[in-house]
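# okay, predicted coordinates and the sequence, questions at the end:
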Amino acid sequence: MTRLSYIDWMRGFICILMFQAHGYASWLRPELQTTRFYRFSQILATIPAPAFLFLAGVSAALVTEKMREKGIPRNEIARRSMRRGAEIFALGLLFRVQEYALGYKWVSWTDLLRVDILNLIGLSLIFLGILCWFTGASSPTLDPASAAETSRRRSIFAALLTGTVIAMLTPLVWTTWRPNFLPWPLESYINGVHSLNEPQHWLFPIFPWTAFAFAGLAVGFFLFTNLARLRESLFFAAVTGIGLLACALSVLFDDVPIHLYATYDYWHSSPQFFLLRCGVLLLLFAFSYGWCRWGLGQKGFSPAIQLGTTSLLVYWVHIEFVYGRLSIIPKHRASIPLASLGIIVIFFAMLGLSILRTRWKSSHKKIKGAPTPSERPLSIPNSA
């Protein structure tokens, strides 16, 4: 099993969860959106957004660690991470312009300034780059391996601390410590207030969402520890245990009669809910590893891995065919079977698009003489 395959598989599996969540939300008739079936669908819908941010953090750690081991200066490492974050943030703004242009007759101009998941992923990568700069070893006298190990320990501690602080501050930033002196387009990036005068749980502000990226960054650096390299199965067993413990602690802390905050909202802004979702993400991360190592994850062609390699593209395109003017099914008019059929169509269409994108990229690299993914090694030395 290649070292990165389970990460792509998890990202692709998240795309599938996203397809079903968006499809049922957009197409089902209003009376069907009160059924148990729909509620279960929307429970699954709570996974993709934090998972995308979590995996963005994992990927940032993988890239940063490899550059550190090569002895690349921390300024250059931070610059690359922040530049990538700025690119995705710009794509997020462009996506909002596209959605407004295609639906300007029905969409308010304020939608141009909505804080969406792409905006937040971009900002998160910028923040991760800044953190990795602070935790990177600056002494030129250290050899790259020793410097990378030192930086890794600092990064894990700093990422966990930062994520915890963000989660703990979220209830305050959403209520009593609201920065309402800021114009709403800026405040919305802090707490998701948008133009509606109070934080909206369906938006993606810095508090609490960037905390998932910092959690992913810590997990990504843990993948380079000796335990993860030499005893990978044991490492993921520990990840499973920590995930279960996080879920249990979330429920336990929620049942404590004493709360730290004047306004307590478990399902939207509480640290307890953040802890629960981190536990679920760790369990899904461990399951993805196990499925790819011992299950069917890599038996022949894997649709999930394929989707995972082009997740940004399929996210961008599928939105228009589900929510936009090009929706393949009339919105809010479908039965459950019809909506399910539409989701299957979206899945195969996005899979086909992903394959075309991968083949085009491979042929483009061959023309330039660069190695294709099949020719380039993906494994990390000393992995079990």
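Arrived safely. Numbering: from 1, shown residues only.

# got the end-to-end distance for stretch 170-190?
Stretch 170-190 has an end-to-end distance of 9 Å (CA to CA, to the nearest Å).

# buried residues in it?
When neighbours are counted by 16 or more other CB atoms under 10 Å, the buried residues of stretch 170-190 are found to be 170-175, 178, 187-190. Backbone N, C-alpha and C define where each C-beta goes, glycine included.

# give me the contact list for it.
Residues outside stretch 170-190 that contact it (CB atoms under 8 Å, 6 or more residues apart in numbering) are 113-115, 119, 123, 169, 191, 193-195, 199, 203, 205-208, 211, 260-265, 268-271, 274.

# one more: stretch 80-99?
In contact with stretch 80-99 (CB under 8 Å, 6+ apart) are residues 60, 63-64, 67, 107, 111-114, 116-130, 132, 312, 316, 319-320, 324.

# mind listing which of the buried residues of stretch 170-190 are in helices?
Members of the buried residues of stretch 170-190 lying in helices (criterion: DSSP state H): 170-174, 187-190.

# export those to JSON lines and tack on pLDDT?
Converted to JSON lines, these look like this (pLDDT from 0 to 100):
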{"residue": "T170", "pLDDT": "97"}
{"residue": "P171", "pLDDT": "96"}
{"residue": "L172", "pLDDT": "96"}
{"residue": "V173", "pLDDT": "96"}
{"residue": "W174", "pLDDT": "96"}
{"residue": "E187", "pLDDT": "97"}
{"residue": "S188", "pLDDT": "96"}
{"residue": "Y189", "pLDDT": "97"}
{"residue": "I190", "pLDDT": "97"}
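
# for E149, state which of those residues is nearest.
Among these, T170 lies closest to E149 (CB to CB), at 32.6 Å.

# mean confidence for the longest helix seen in the chain?
As assigned by DSSP H, the longest helix anywhere in the chain is helix 336-368. Averaged across helix 336-368, the pLDDT comes to 90.

# what of stretch 323-332?
In this model, stretch 323-332 has a mean pLDDT of 92.

# which residues touch that stretch?
Outside of stretch 323-332, the residues within contact range by CB under 8 Å, 6+ apart are 22, 26-30, 99, 102-103, 320-322, 338-339, 342, 345-346.

# what packs against the longest helix of the chain?
Under the contact criterion of 3 or more CB pairs under 8 Å, 6 or more residues apart in numbering; DSSP states H and E, helix 336-368 touches helix 5-27, helix 303-308, helix 311-322.

# for stretch 245-259, buried residues please.
Applying a neighbour-count criterion of 16+ other CB under 10 Å, one finds 246-247, 250 buried in stretch 245-259.

# pLDDT, distance to D143 and secondary structure added to the residues you listed, as a markdown table?
Listed next are these as a markdown table, based on pLDDT from 0 to 100; distance: CB to CB, whole Å; DSSP: H, G, I helix; E, B strand; the rest coil:
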| residue | pLDDT | distance to D143 | secondary structure |
| --- | --- | --- | --- |
| A246 | 97 | 36 | helix |
| C247 | 97 | 41 | helix |
| S250 | 96 | 42 | helix |
